[in-house]
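>>> okay, sequence plus prediction incoming.
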Amino acid sequence: MFGKTDAKQNVNYYFQKIIDKFTQKGSISTAKGYENALQCLLRFHKKENISFNDVNVSFLQEFENFCIKMEDKSITTVSIYTRNLRAVFNEAIANNTITNDSYPFGKRKYQIKAPKKVKKALTPQQIKILFEGVPKTLQQEKAK
C-alpha cells in the first residue's frame, strides 16, 4: 500500500484535493466536472492510481482519442477534462510535488483543443417573435 507521501505523488490525490475544495466552497457542478474527468482518466488508464510520470504528450493524445472514439465524447468535453488535468498539474507544481520538467502542456507539447462551434446570432424576425411572445410559465416570464 502507498504511504502518505506516496499518495501525494499521484494524479488521483490532487484531483480529490481539488474536488474537495470545490465541494466545500459549494461549487458542486465544478467539483462534479473534476470527478467526471478523473473517472474517464481511470477508465482510460485502467489502473487504480495515475502517476504524474505516466502523463506525457503521447498519454494525452491517446486519452483524447479514447474519449472521442471509445467514450463518444465531444471535443468540448475532452478540452474540459484536459483543462481539469492541467489544473491538477499546476496544483502539484505549486506544492512542489512535481517539477515544471514533467509538465506535458503548452507549446511544443500537448495543446488542449478548442471547439470550433460557431455561435449564430438571432435574426431580427426571431428577436421580434421572442419579444412579442406571451410567456406560458413563470420561468418563461422570468426569462423574458
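Structure received. Numbers count the residues shown, from 1 in each chain.
>>> what about dumping the CA coordinates of whatever helix or strand S58 lives in to CSV?
Using DSSP states H and E, S58 falls within helix 57-65. Extracted C-alpha coordinates of helix 57-65, given in CSV (Å, rounded to 0.1, in the frame of the first residue of the first chain):
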residue,chain,number,x,y,z
VAL,A,57,2.2,14.1,-24.5
SER,A,58,1.5,10.7,-26.0
PHE,A,59,-0.6,9.7,-23.0
LEU,A,60,-2.7,12.9,-23.5
GLN,A,61,-3.1,12.3,-27.3
GLU,A,62,-4.2,8.7,-26.6
PHE,A,63,-6.6,9.9,-23.9
GLU,A,64,-8.1,12.4,-26.3
ASN,A,65,-8.6,9.6,-28.9
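>>> any buried residues in that helix, and which?
Buried residues in helix 57-65, defined by neighbour count with 16 or more other C-beta atoms under 10 Å: F59, L60, F63, E64. All C-beta atoms are positioned from the backbone trio N, CA, C, and that covers glycine.
>>> packing partners of that helix?
Packing partners of helix 57-65 (3 or more C-beta pairs under 8 Å, 6 or more residues apart in numbering; DSSP states H and E): helix 28-45, helix 75-94.
>>> and the ones you listed: which comes nearest V134?
helix 28-45 (32.2 Å; C-beta to C-beta).
>>> dump that closest one to CSV, keeping only the CA atoms.
The C-alpha trace of helix 28-45 is given here as CSV (Å, rounded to 0.1, in the frame of the first residue of the first chain):
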residue,chain,number,x,y,z
ILE,A,28,-20.8,21.3,-6.8
SER,A,29,-21.0,21.4,-10.6
THR,A,30,-17.4,22.3,-10.8
ALA,A,31,-16.5,19.5,-8.4
LYS,A,32,-18.6,17.1,-10.5
GLY,A,33,-16.7,18.2,-13.6
TYR,A,34,-13.4,17.2,-12.0
GLU,A,35,-14.9,13.9,-10.8
ASN,A,36,-16.1,13.1,-14.3
ALA,A,37,-12.6,13.9,-15.7
LEU,A,38,-11.0,11.7,-13.1
GLN,A,39,-13.4,8.8,-13.8
CYS,A,40,-12.8,9.0,-17.5
LEU,A,41,-9.0,9.1,-16.9
LEU,A,42,-9.2,6.0,-14.7
ARG,A,43,-11.3,4.1,-17.4
PHE,A,44,-8.6,5.0,-20.0
HIS,A,45,-5.6,4.2,-17.8
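>>> lovely, talk soon.
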